[in-house]
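Asker: no sequence for this one, just the structure:
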(Lines give C-alpha, C1' and ligand atoms only; values in the text may rest on other atoms or scores of the structure.)
Protein backbone atom coordinates (compact mmCIF):
# COMPACT_ATOMS: atom_id res chain seq x y z
CA UNK A 1 0.00 0.00 0.00
CA UNK A 2 1.54 3.31 -1.08
CA UNK A 3 1.67 6.50 0.98
CA UNK A 4 -1.39 8.10 -0.62
CA UNK A 5 -3.54 5.04 0.06
CA UNK A 6 -2.39 4.95 3.69
CA UNK A 7 -3.16 8.66 4.02
CA UNK A 8 -6.68 8.07 2.66
CA UNK A 9 -7.15 5.15 5.06
CA UNK A 10 -6.28 7.43 7.98
CA UNK A 11 -9.06 9.87 7.02
CA UNK A 12 -11.47 6.92 6.84
CA UNK A 13 -10.46 5.71 10.31
CA UNK A 14 -11.29 9.13 11.78
CA UNK A 15 -14.93 8.22 11.32
CA UNK A 16 -14.45 5.24 13.64
CA UNK A 17 -13.76 7.64 16.52
CA UNK A 18 -17.04 9.45 15.82
CA UNK A 19 -18.81 6.10 15.75
CA UNK A 20 -17.36 5.29 19.18
CA UNK A 21 -18.88 8.52 20.48
CA UNK A 22 -22.23 7.63 18.89
CA UNK A 23 -22.19 4.20 20.57
CA UNK A 24 -21.33 5.72 23.96
CA UNK A 25 -24.18 8.22 23.64
CA UNK A 26 -26.61 5.40 22.88
CA UNK A 27 -26.25 4.12 26.45
CA UNK A 28 -27.12 7.47 28.05
CA UNK A 29 -30.54 7.76 29.68
CA UNK A 30 -33.04 10.27 28.32
CA UNK A 31 -32.98 12.57 31.34
CA UNK A 32 -32.97 16.36 31.40
CA UNK A 33 -29.78 16.45 33.48
CA UNK A 34 -27.99 14.30 30.92
CA UNK A 35 -29.08 16.62 28.10
CA UNK A 36 -28.03 19.71 30.06
CA UNK A 37 -24.64 18.09 30.63
CA UNK A 38 -24.27 17.17 26.92
CA UNK A 39 -25.20 20.64 25.65
CA UNK A 40 -22.89 22.33 28.17
CA UNK A 41 -20.11 19.95 27.13
CA UNK A 42 -20.80 20.83 23.49
CA UNK A 43 -20.53 24.51 24.42
CA UNK A 44 -17.14 23.94 26.08
CA UNK A 45 -15.86 21.76 23.25
CA UNK A 46 -16.85 24.15 20.46
CA UNK A 47 -15.55 27.24 22.30
CA UNK A 48 -12.21 25.50 22.81
CA UNK A 49 -12.23 24.24 19.21
CA UNK A 50 -12.64 27.83 18.02
CA UNK A 51 -10.03 29.35 20.35
CA UNK A 52 -7.30 26.70 20.27
CA UNK A 53 -7.75 25.14 16.83
CA UNK A 54 -9.73 27.07 14.23
CA UNK A 55 -8.71 30.62 15.14
CA UNK A 56 -4.92 30.04 15.27
CA UNK A 57 -4.98 27.82 12.18
CA UNK A 58 -7.04 30.33 10.20
CA UNK A 59 -4.70 33.19 11.09
CA UNK A 60 -1.68 30.99 10.31
CA UNK A 61 -2.99 30.32 6.79
CA UNK A 62 -4.17 33.85 6.00
CA UNK A 63 -1.56 35.82 8.01
CA UNK A 64 -2.18 39.46 8.92
CA UNK A 65 -1.83 40.39 5.24
CA UNK A 66 -5.18 38.78 4.45
CA UNK A 67 -6.92 39.46 7.76
CA UNK A 68 -9.74 41.11 5.79
CA UNK A 69 -10.56 37.68 4.30
CA UNK A 70 -10.77 36.27 7.82
CA UNK A 71 -13.29 38.95 8.78
CA UNK A 72 -15.31 38.59 5.56
CA UNK A 73 -15.59 34.80 5.56
CA UNK A 74 -16.27 34.63 9.30
CA UNK A 75 -19.15 37.07 8.83
CA UNK A 76 -20.39 35.13 5.80
CA UNK A 77 -20.41 31.90 7.85
CA UNK A 78 -22.28 33.59 10.70
CA UNK A 79 -24.83 35.22 8.38
CA UNK A 80 -25.27 32.02 6.36
CA UNK A 81 -26.43 30.20 9.48
CA UNK A 82 -28.64 33.15 10.40
CA UNK A 83 -30.33 32.79 7.01
CA UNK A 84 -30.64 29.01 7.38
CA UNK A 85 -32.14 29.61 10.82
CA UNK A 86 -34.98 31.59 9.25
CA UNK A 87 -36.12 28.52 7.29
CA UNK A 88 -36.91 26.51 10.40
CA UNK A 89 -39.90 27.07 12.70
CA UNK A 90 -39.41 29.85 15.24
CA UNK A 91 -38.04 28.55 18.49
CA UNK A 92 -37.82 30.29 21.85
CA UNK A 93 -35.48 29.39 24.67
CA UNK A 94 -38.02 30.36 27.34
CA UNK A 95 -41.27 28.68 28.30
CA UNK A 96 -41.00 25.81 25.83
CA UNK A 97 -43.16 22.73 26.02
CA UNK A 98 -41.45 19.34 26.14
CA UNK A 99 -42.04 18.82 22.40
CA UNK A 100 -40.80 22.33 21.54
CA UNK A 101 -37.70 21.76 23.67
CA UNK A 102 -36.94 18.48 21.90
CA UNK A 103 -37.46 20.13 18.50
CA UNK A 104 -35.11 22.93 19.57
CA UNK A 105 -32.46 20.39 20.54
CA UNK A 106 -32.82 18.73 17.12
CA UNK A 107 -32.46 22.16 15.51
CA UNK A 108 -29.19 22.77 17.38
CA UNK A 109 -27.98 19.30 16.39
CA UNK A 110 -28.72 19.92 12.71
CA UNK A 111 -26.87 23.25 12.57
CA UNK A 112 -23.93 21.87 14.56
CA UNK A 113 -23.68 18.81 12.31
CA UNK A 114 -23.62 21.00 9.19
CA UNK A 115 -20.78 23.16 10.53
CA UNK A 116 -18.75 20.21 11.86
CA UNK A 117 -19.13 18.30 8.59
CA UNK A 118 -17.54 21.25 6.76
CA UNK A 119 -14.85 21.44 9.45
CA UNK A 120 -14.10 17.72 9.14
CA UNK A 121 -13.90 17.89 5.35
CA UNK A 122 -11.27 20.63 5.60
CA UNK A 123 -9.48 18.71 8.35
CA UNK A 124 -9.57 15.51 6.26
CA UNK A 125 -7.91 17.35 3.37
CA UNK A 126 -5.18 18.67 5.67
CA UNK A 127 -4.50 15.26 7.24
CA UNK A 128 -4.37 13.52 3.85
CA UNK A 129 -1.88 16.08 2.49
CA UNK A 130 0.28 15.90 5.64
CA UNK A 131 0.24 12.09 5.75
CA UNK A 132 1.10 11.84 2.05
CA UNK A 133 4.42 13.56 2.69
CA UNK A 134 5.08 12.33 6.26
CA UNK A 135 3.15 9.27 7.41
CA UNK A 136 4.29 9.61 11.06
CA UNK A 137 3.00 13.18 11.19
CA UNK A 138 -0.25 12.04 9.59
CA UNK A 139 -0.75 9.29 12.19
CA UNK A 140 -0.18 11.68 15.11
CA UNK A 141 -2.53 14.26 13.60
CA UNK A 142 -5.16 11.56 13.05
CA UNK A 143 -4.87 10.34 16.64
CA UNK A 144 -5.33 13.84 18.08
CA UNK A 145 -8.22 14.70 15.75
CA UNK A 146 -9.79 11.27 16.25
CA UNK A 147 -9.82 11.56 20.04
CA UNK A 148 -11.63 14.87 19.99
CA UNK A 149 -14.09 13.37 17.49
CA UNK A 150 -15.33 10.99 20.23
CA UNK A 151 -17.02 13.68 22.37
CA UNK A 152 -18.26 15.41 19.20
CA UNK A 153 -19.87 12.13 18.15
CA UNK A 154 -21.49 11.87 21.58
CA UNK A 155 -22.84 15.42 21.37
CA UNK A 156 -24.33 15.11 17.88
CA UNK A 157 -25.80 11.68 18.56
CA UNK A 158 -27.29 12.71 21.90
CA UNK A 159 -29.04 15.79 20.50
CA UNK A 160 -30.81 13.74 17.84
CA UNK A 161 -31.47 10.81 20.16
CA UNK A 162 -33.33 13.06 22.59
CA UNK A 163 -35.41 14.83 19.94
CA UNK A 164 -38.33 14.08 17.65
CA UNK A 165 -36.05 13.95 14.61
CA UNK A 166 -37.21 11.32 12.16
CA UNK A 167 -35.19 8.13 12.28
CA UNK A 168 -34.07 8.37 8.63
CA UNK A 169 -32.91 11.96 9.04
CA UNK A 170 -31.02 11.01 12.20
CA UNK A 171 -29.22 8.17 10.40
CA UNK A 172 -28.43 10.38 7.40
CA UNK A 173 -26.89 13.15 9.53
CA UNK A 174 -24.81 10.67 11.52
CA UNK A 175 -23.51 8.88 8.41
CA UNK A 176 -22.62 12.21 6.81
CA UNK A 177 -20.78 13.28 9.96
CA UNK A 178 -18.94 9.95 10.25
CA UNK A 179 -17.66 9.98 6.65
CA UNK A 180 -16.97 13.72 6.42
CA UNK A 181 -13.22 13.42 7.11
CA UNK A 182 -13.00 10.65 4.51
CA UNK A 183 -14.76 12.91 1.97
CA UNK A 184 -12.13 15.53 2.75
CA UNK A 185 -9.39 12.97 2.08
CA UNK A 186 -11.01 11.87 -1.17
CA UNK A 187 -10.85 15.39 -2.66
CA UNK A 188 -7.03 15.66 -2.84
CA UNK A 189 -6.76 11.89 -3.50
CA UNK A 190 -9.03 11.93 -6.57
CA UNK A 191 -7.69 15.20 -7.97
CA UNK A 192 -4.05 14.38 -7.14
CA UNK A 193 -3.66 17.48 -4.99
CA UNK A 194 -0.46 17.60 -2.95
CA UNK A 195 -0.99 21.06 -1.47
CA UNK A 196 -3.83 23.54 -0.93
CA UNK A 197 -3.40 27.28 -1.33
CA UNK A 198 -3.15 28.94 2.10
CA UNK A 199 -5.67 31.61 1.15
CA UNK A 200 -8.26 29.02 0.08
CA UNK A 201 -7.71 26.87 3.19
CA UNK A 202 -7.76 29.89 5.50
CA UNK A 203 -10.95 31.25 3.94
CA UNK A 204 -12.72 27.89 4.35
CA UNK A 205 -11.60 27.69 7.97
CA UNK A 206 -12.85 31.23 8.60
CA UNK A 207 -16.21 30.26 7.09
CA UNK A 208 -16.45 27.29 9.47
CA UNK A 209 -15.39 29.48 12.39
CA UNK A 210 -18.22 31.91 11.67
CA UNK A 211 -20.74 29.05 11.57
CA UNK A 212 -19.56 27.64 14.88
CA UNK A 213 -19.63 31.11 16.46
CA UNK A 214 -23.29 31.37 15.48
CA UNK A 215 -24.03 28.03 17.14
CA UNK A 216 -22.21 29.07 20.33
CA UNK A 217 -23.69 32.58 20.61
CA UNK A 218 -27.19 32.14 19.19
CA UNK A 219 -28.04 28.53 20.01
CA UNK A 220 -26.00 26.85 22.75
CA UNK A 221 -25.45 29.78 25.12
CA UNK A 222 -29.14 30.81 25.32
CA UNK A 223 -30.02 27.13 25.84
CA UNK A 224 -27.61 26.40 28.70
CA UNK A 225 -27.95 29.75 30.49
CA UNK A 226 -31.63 29.01 31.24
CA UNK A 227 -31.08 25.53 32.66
CA UNK A 228 -32.15 24.81 36.23
CA UNK A 229 -29.32 22.25 36.64
CA UNK A 230 -26.54 24.79 37.20
CA UNK A 231 -24.06 22.37 38.75
CA UNK A 232 -24.59 19.85 35.96
CA UNK A 233 -24.15 22.58 33.35
CA UNK A 234 -20.89 23.82 34.89
CA UNK A 235 -19.62 20.24 35.12
CA UNK A 236 -20.47 19.65 31.45
CA UNK A 237 -18.76 22.88 30.39
CA UNK A 238 -15.58 22.04 32.31
CA UNK A 239 -15.63 18.48 30.95
CA UNK A 240 -15.84 19.79 27.38
CA UNK A 241 -12.87 22.09 27.95
CA UNK A 242 -10.79 19.33 29.53
CA UNK A 243 -11.56 16.86 26.72
CA UNK A 244 -10.34 19.31 24.08
CA UNK A 245 -7.26 20.25 26.10
CA UNK A 246 -6.32 16.57 26.48
CA UNK A 247 -6.77 15.80 22.77
CA UNK A 248 -4.83 18.90 21.77
CA UNK A 249 -2.01 17.90 24.12
CA UNK A 250 -1.87 14.43 22.55
CA UNK A 251 -2.01 16.01 19.08
CA UNK A 252 0.96 18.29 19.80
CA UNK A 253 3.04 15.52 21.38
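Answerer: Nice, I can see it. Please read these numbers as outputs of a predicted model, since none were measured by experiment.
Asker: can we go C-alpha only for contacts and neighbour counts from here?
Answerer: Will do.
Asker: ranges for the helices of this protein?
Answerer: 3-26, 32-49, 55-62, 67-85, 98-133, 135-161, 167-190, 198-214, 221-225, 230-252 (DSSP state H).
Asker: For these, could you give me CSV that also reports mean pLDDT and mean neighbour count?
Answerer: As requested, the helices of the chain are exported to CSV (pLDDT from 0 to 100; neighbours: other CA atoms under 10 Å):
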stretch, mean pLDDT, mean neighbour count
helix 3-26, 88, 21
helix 32-49, 80, 23
helix 55-62, 90, 18
helix 67-85, 88, 17
helix 98-133, 77, 22
helix 135-161, 74, 22
helix 167-190, 87, 19
helix 198-214, 87, 23
helix 221-225, 84, 17
helix 230-252, 81, 18
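Asker: Is residue 116 in contact with residue 177, as I believe?
Answerer: Yes - Residue 116 is in contact with residue 177 according to CA atoms under 8 Å; the separation is 7.5 Å.
Asker: Does residue 120 touch residue 176 like I think?
Answerer: No - using CA under 8 Å, residue 120 makes no contact with residue 176, being 10.4 Å away.
Asker: so what sits against both of those two?
Answerer: Between them, residue 120 and residue 176 share no contacting residue under CA atoms under 8 Å, 6 or more residues apart in numbering.
Asker: show me the contacts for the spatially closest residue to residue 183 that is not a sequence neighbour.
Answerer: Nearest residue to residue 183 in three dimensions, chain neighbours excluded: residue 121, at 6.1 Å (CA to CA, 6 or more residues apart in numbering). When contacts are counted by CA under 8 Å, 6+ apart, residue 121 touches 180, 181, 182, 183, 184, 185.
Asker: swap the cut-off to 7 Å and go again
Answerer: With contact taken as CA atoms under 7 Å, 6 or more residues apart in numbering, residue 121 is in contact with 180, 181, 183, 184.
Asker: Likewise for residue 40?
Answerer: Here residue 40 is in contact with 224, 233, 236, 237 (CA under 7 Å, 6+ apart).
Asker: Go again with 10 Å.
Answerer: 34, 46, 155, 220-221, 223-225, 227, 232-240 (CA atoms under 10 Å, 6 or more residues apart in numbering).
Asker: Likewise for residue 79?
Answerer: Contacts of residue 79 were listed using CA under 10 Å, 6+ apart, and they are 73, 85, 210, 211, 214.
Asker: State the distance from the last one to residue 67.
Answerer: The span separating residue 214 from residue 67 equals 20 Å under the rule CA to CA, to the nearest Å.
Asker: Equivalent analysis for the first one, please.
Answerer: With distances taken as CA to CA, residue 73 is found 10 Å from residue 67.
Asker: Mutual contacts of the two, please.
Answerer: Contacts common to residue 73 and residue 67, judged by CA under 10 Å, 6+ apart, are 202, 203.
Asker: Am I right that residue 124 is in contact with residue 184?
Answerer: Yes - counting by CA atoms under 10 Å, residue 124 touches residue 184, with 4.3 Å between them.
Asker: what touches both of these two?
Answerer: Between them, residue 124 and residue 184 share the contacting residues 8, 11, 12, 118, judged by CA under 10 Å, 6+ apart.
Asker: how about the first one, what does it touch?
Answerer: Right, the one you point to is residue 8. 124-125, 127-129, 131-132, 181-189.
Asker: Residue 160 is in contact with residue 171, correct?
Answerer: Yes - using CA under 10 Å, residue 171 makes contact with residue 160 at a distance of 9.4 Å.
Asker: Could you pull up the contacting residues of the residue nearest the centre of the chain?
Answerer: In the chain, the residue lying closest to the centroid (CA atoms, centre = their mean) is residue 116, at 3.2 Å. For residue 116, the contact set (CA under 10 Å, 6+ apart) comprises 46, 122, 152, 156, 177, 180, 181, 208, 209, 211, 212.
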